[in-house]
Each structure stands twice: as C-alpha cells, then as structure tokens.
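Participant: quick one: sequence plus predicted model below, questions after.
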Amino acid sequence: MSKVELKNISKVFPDGIRAVDDVTITIENEEFVVLVGPSGCGKSTTLRMIAGLEDISSGELLIDGELMNYREPRDRNIAMVFQNYALYPHMTVYENMAFGLKIKKIPREEINKRVREAARILDIEQYLDRRPKALSGGQRQRVAVGRAIVRQPKVFLFDEPLSNLDAKLRVQMRAEIIALHKRLAATIVYVTHDQVEAMTMGDKIVVMKDGVVQQTGAPLHVYHNPTNRFVAGFIGSPPMNFLRCRLEDRGGILYAGNVRVADEHATALRVMVGREIEVGIRPEDFTIAGEGEKSEMSGTVAMIEPLGGENNLHIDAEEPEVRFIATLGSDESGFLHLGRKAHLGIKKGHLKYFDAETGRALLGE
Ligand code: ATP
C-alpha cells in the first residue's frame, strides 16, 4: 500500500470556477482519510484529481513520492468505488468483478483466485452467478467494492459509496468498510458529506468548505478543538449552539454574556474584553441546574425529540433571544415538558469561543 501527497493542489474549471483551492493533504500508508464538507465544497473534485479523472490545474500529486499529475488513470494503480456502483447490468457478479482483470490480460486462474477471495471477504460468494438487478442495494455496493479489491490497488478511493443505502444498511456497510480497511491494510481516501460517517470511519478527517481545507486531524481532536466556527458547526449532531455576546470584565472575572468564563481560559481571552465574540456550546455540554444552583441559560421548552436514552430539547431563551438545543439524559430531563421553563447549567470549561468577525477559534486549535 501507499502514501498519497497532495501539495498545493488547485482546480480551476474552464468557466473560471475555482473548485479546489491550494489543498495540501498527506495520506499516510494504510491510513483511512475522509474528505468531508457540504455539497459543492470540492471534495469529489479532489478525489477525481487523485484518480486522474480530472486534470490538476496547479500543484503536485505524489504517490509513494512519484509525480502522478500526468499519468493516465489506469497507470496510477488506484481503484475507485462510486456512489451509483456503476456495475454492468448484463454481466454476472463474477463477470463484473473479473472484467477489469480480463482487460489487463491477467491469467484466468489468477482472476478466478482473486474474485473468489474478494467474494469470500465480502460475503457475496453465493451471488457470483447473479446479475446486479437481482441484488439488494447493499449487495450491489459490496460487488462494487469487490471489483476494487480484485485489482489489488495501491490506493482505494470511495466517493459517497453509502448514500444510496437506507439508514440501517449504511451503518452495517460502514462497519464492513472499516473492517475491510484493517484486513487489507489499505490506504483509503473516502469522500462524504455526512459528518457522522466521517467521525466514525476516518483515522483522519479533512473538513473542506468552498474548495479550501478548513481543518485536518483525528475526528475527536477536530470535534473538541474546531479551528473555526464553520468546523464547529459542521462537525457534531445536533450541531453546536452559538451565542453572540460581548466579553466583559466584571470585577476581575470574565463573562461572555451571562456565562462565566472558566479560569483556565480567562488569561487567553482577556485581550478580547469589550469585543463581540461568539460562544459555542455543544448540546451535550448542558446540565440541569438543580434547586439553588445558578442557571446559565434559561428558556421555554419548545420541542422535544425523545431518542430513548436521551432527549434533544429545543429551548427558546429570552435573554439572549435564541433557540438552542440541549441533549440531556431522559432520566434527568423527563420532567421537562413542552412549555415548561428549563434552567440549565453548562459543563465547566466546555465552552468554545470564536472571533465574531473572522470566525477563528480564540483559544487556538
Ligand atoms: P457534492 O457533495 O454535491 O458532490 P462536492 O463537494 O463533491 O459536492 P464538487 O463536485 O467537487 O463538490 O464541486 C465543487 C465545485 O465545482 C462546485 O461548485 C461545482 O459546481 C463545481 N464543478 C464541479 N464540476 C464542474 C465542472 N465540470 N465544470 C464547472 N464547475 C464544476
């Protein structure tokens, strides 16, 4: 398997659209990297440039240190799995998987061996004689993955491979692809707009917006230390709540609106006193303020999403006037019915702070 390096890669389409802007990513040998971002952020174009399906306007693409910019797709030793599977309808599963190898004039016994091994790994041996139309969505997706495996590529590229599947199958295929990654010790670049997929699958995630990489890192690192407001709002479900407020010094103690700034953050934030900032609060960082405890956010329960073990409470606060979401255990929040007043605290030291103008995280990454 292999290391893939994107160095200052840009893509400008003939109509002048800069779909990918100065992207630098290193994908280590055997690493599972997920490119994630909203629709139109340039993640598919980045993947297609790695595959050789799209020319690179500027920058360098290296695989194992070798420049790939001008290599034909078939000479890059890469296999790509698409969202729509792209199986040949008139061929059996076996033929679909064998086709690419036949074209390469690989000996018949070798093809047979590779197809059967891939079918075994993916648990589709019993479907080898069927045509794609006689398979479920999940089975077709496995055939598409099988077709990639038999090529024994240096790098696997996945472009939203699970988005056609229903929720349950998506969870199952997610687990299968993670297991496959370990089993094949494969280098994988995986594109998705689904942040849950990114969080659960990637060794490393690359969050993109408007063609620009916003942040790269291990999923939990990015979750806990978003570099800017965009990443903070994009990663996490339900999303982070944001409050615009002024940072004030009240008798030596810093407050962001009504919320006291934790001592460990006060020194770094003191330079912003008097300025507008945005405070970010994850839904799970709220607590119920008990009897006699000071509540930091209060409001009226406007909607409840019961998830079983926990509730997502949508709360309309009066001061400041915002709707925010708090995720609280069902046991502790069961008494909060629609229309009732909720008094909440915030876990100490869990607030995020952003520059209101630039969106930059004020405590650094
Ligand atoms: P999605 O999740 O919707 O597929 P994406 O993040 O993969 O989005 P891309 O498909 O890479 O985004 O597109 C990035 C930008 O480039 C978009 O603004 C898109 O409209 C534009 N774009 C893509 N292909 C072309 C093309 N062939 N010509 C001109 N512009 C294009």
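Facilitator: Alright, I've got the coordinates. Numbering: from 1, shown residues only.
Participant: spell out which parts of the stretch 101-250 of the chain neighbour the ligand.
Facilitator: For the stretch 101-250 of the chain, the contact set with the ligand under CB under 6 Å from any ligand atom comprises residue 193. Backbone N, C-alpha and C define where each C-beta goes, glycine included.
Participant: can you pull out the helices in the stretch 101-250 of the chain?
Facilitator: For the stretch 101-250 of the chain, the helices defined by DSSP state H, counting those that start in this stretch occupy 108-122, 137-150, 167-184, 195-201, 219-224, 229-234.
Participant: winner for burial among those?
Facilitator: Comparing the helices of the stretch 101-250 of the chain by mean neighbour count (mean count of other CB atoms under 10 Å), helix 137-150 ranks first with a mean of 23.
Participant: returning to what we had before: quick one: the helices of the stretch 101-250 of the chain as JSON lines, columns for mean pLDDT too.
Facilitator: Formatted as JSON lines, the helices of the stretch 101-250 of the chain follow (pLDDT from 0 to 100):
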{"stretch": "helix 108-122", "mean pLDDT": "91"}
{"stretch": "helix 137-150", "mean pLDDT": "88"}
{"stretch": "helix 167-184", "mean pLDDT": "85"}
{"stretch": "helix 195-201", "mean pLDDT": "92"}
{"stretch": "helix 219-224", "mean pLDDT": "96"}
{"stretch": "helix 229-234", "mean pLDDT": "96"}
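Participant: redo those helices as TSV? Include distance to residue 2.
Facilitator: Shown next, in TSV, are the helices of the stretch 101-250 of the chain (distance: least, CB to CB, whole Å):
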stretch	distance to residue 2
helix 108-122	19
helix 137-150	15
helix 167-184	12
helix 195-201	19
helix 219-224	23
helix 229-234	28
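Participant: for those, which one sits closest to residue 68?
Facilitator: Of all the helices of the stretch 101-250 of the chain, helix 137-150 sits nearest to residue 68, with 18.1 Å by CB to CB.
Participant: just checking, what packs against the closest one?
Facilitator: Applying 3 or more CB pairs under 8 Å, 6 or more residues apart in numbering; DSSP states H and E, one finds that helix 137-150 contacts strand 78-81, helix 93-103, helix 108-122, helix 167-184.
Participant: again, only using 6 Å
Facilitator: In terms of contacts (3 or more CB pairs under 6 Å, 6 or more residues apart in numbering; DSSP states H and E), helix 137-150 is packed against strand 78-81, helix 93-103, helix 108-122.
Participant: for residue 62, helix, strand, or coil?
Facilitator: strand (DSSP: H, G, I helix; E, B strand; the rest coil).
Participant: my read: it touches residue 6, true?
Facilitator: No - using CB atoms under 6 Å, residue 62 is not in contact with residue 6; the gap is 8.2 Å.
Participant: of these two, which one has the most company?
Facilitator: Neighbour count, other CB atoms under 10 Å: between residue 62 and residue 6, residue 6 has more, with 22 against 16.
Participant: the helix or strand harbouring the more buried one near the ligand anywhere?
Facilitator: Using DSSP states H and E, residue 6 maps to strand 4-12. No - counting by CB under 6 Å from any ligand atom, the ligand has no neighbours in strand 4-12; the shortest distance is 7.6 Å.
Participant: beyond that strand, next helix or strand please.
Facilitator: Following strand 4-12 in sequence order, the next helix or strand is strand 18-27 (DSSP H and E).
Participant: quick one: list the elements packing against that following strand.
Facilitator: Applying 3+ CB pairs under 6 Å, 6+ apart, we find strand 18-27 packed against strand 4-12, helix 43-51.
Participant: who are the packing partners of the helix or strand hosting residue 300?
Facilitator: When elements are defined using DSSP H and E, residue 300 is found to belong to strand 297-306. Using 3+ CB pairs under 6 Å, 6+ apart, the elements in contact with strand 297-306 are strand 310-317, strand 341-346.
Participant: what residues does that strand touch?
Facilitator: 311-317, 336, 338, 340-344 (CB atoms under 6 Å, 6 or more residues apart in numbering).
Participant: return the member of these nearest to residue 201.
Facilitator: Once CB to CB is applied, the member of the contacts of strand 297-306 that ends up nearest residue 201 is residue 312, at 23.8 Å.
Participant: how many other residues sit next to the closest one?
Facilitator: Neighbours around residue 312, by other CB under 10 Å: 18.
Participant: how close does it sit to the ligand?
Facilitator: Look at residue 312 and the ligand: by CB to the nearest ligand atom, to the nearest Å, they are 26 Å apart.
Participant: OK, contacts around that residue?
Facilitator: 238, 305, 325, 327.
Participant: now, among these, which is nearest to residue 279?
Facilitator: residue 325 (14.7 Å).
Participant: the ligand versus residue 95, what's the distance?
Facilitator: For residue 95 relative to the ligand (CB to the nearest ligand atom), the value is 30 Å.
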